[in-house]
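>>> Sequence first, predicted model second:
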Amino acid sequence: RRPLRSPVDRRRRDLRRFLLYLGSALTTAGEAVNEIEDHLVRVARAYGAPDARCSVSPTSVVVALEPGRPATMEPTRQLRGGLRLDQTTALFEILKAAERGELEPREGSERIRQVVDSEPRFGGAASALWHSWPQPPWIPLRRPPCSSHSLQSPSPCSGSPAHVHGRKEPKLGLDLTGGA
């Protein structure tokens, strides 16, 4: 890597990196690729790059700040299976501030890294307690998809009474065929 000669070159590099991080994080958050492209172009305009070109796919982000300048492509990695709701909220707060030009690009990149690397607010014990809490009887049990079962195990899709979490699923006893 060659050293950057001017503050303008460093600013371009920081903006390009910020746009790549932002695009990758938004992809991981589940935002639609056409929406991500629109967000990135608005952010680029807010930072003085009105001719920026951004292309997003589920697997990569491509950014060029000016026509005729080199484009940078970054693969979008699925960051630990997606972002939690608190991470997604923080990411969209960064996006809103960036669309108004309120963050330095380097600061924005750092904040995105912090959001993505953040641990759950309530830790593992609270999360385990929440997920092990007994389900109220009026909420129907959710069955796992049929494809997740091996051929040897009883399938909830086989027509026989399904056992989910050790409880027999209640039958409603409705005849919708009209007695046919």
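Right, received. Where do you want to start?
>>> What does Ala32 show for phi and psi?
In terms of degrees, to the nearest 10, the main-chain angles of Ala32 are phi -70, psi 140.
>>> Kindly report the same for Val61.
The phi/psi pair for Val61 (degrees, to the nearest 10) is phi -130, psi 130.
>>> Pretty sure it sits against Ser24.
Yes: taking C-beta atoms under 8 Å as the contact criterion, Val61 and Ser24 are neighbours in contact, 5.7 Å apart. For glycine as for every other residue, the C-beta is placed from the backbone atoms N, C-alpha and C.
>>> overlap in contacts of those two?
Common contact partners of Val61 and Ser24 (C-beta atoms under 8 Å, 6 or more residues apart in numbering): Glu74, Thr76.
>>> what about Gly48, neighbour count?
When neighbours are defined as other C-beta atoms under 10 Å, Gly48 has 12 of them.
>>> now swap in Arg84 and tell me
With neighbours defined by other C-beta under 10 Å, the count for Arg84 comes to 16.
>>> where does it fall, phi/psi-wise?
As for Arg84, its main-chain torsions (degrees, to the nearest 10) stand at phi -70, psi 170.
>>> Use 4 as the first number from now on
OK, 4 is where the count begins now, so the last one is Arg87.
>>> Tell me who's in contact with it.
Going by C-beta under 8 Å, 6+ apart, Arg87 touches Pro123.
>>> rerun at 6 Å
Taking C-beta atoms under 6 Å, 6 or more residues apart in numbering, we find Arg87 in contact with no residue.
>>> buried set for the helix or strand harbouring Ser112?
In this assignment (DSSP states H and E), Ser112 forms part of helix 108-120. Within helix 108-120, the residues that qualify as buried are Pro108, Gly111, Ser112, Arg114, Ile115, Val118, Val119, counting by 16 or more other C-beta atoms under 10 Å.
>>> what's the answer for stretch 37-57, then?
Judged by neighbour count (16+ other C-beta under 10 Å), stretch 37-57 contains these buried residues: 39-40, 42-47, 49-50, 52, 55-57.
>>> Quick one: those as CSV, columns for secondary structure too.
Rendered in CSV, the data for the buried residues of stretch 37-57 read as follows (DSSP: H, G, I helix; E, B strand; the rest coil):
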residue, secondary structure
Ile39, helix
Glu40, helix
His42, helix
Leu43, helix
Val44, helix
Arg45, helix
Val46, helix
Ala47, helix
Ala49, helix
Tyr50, coil
Ala52, coil
Ala55, coil
Arg56, strand
Cys57, strand
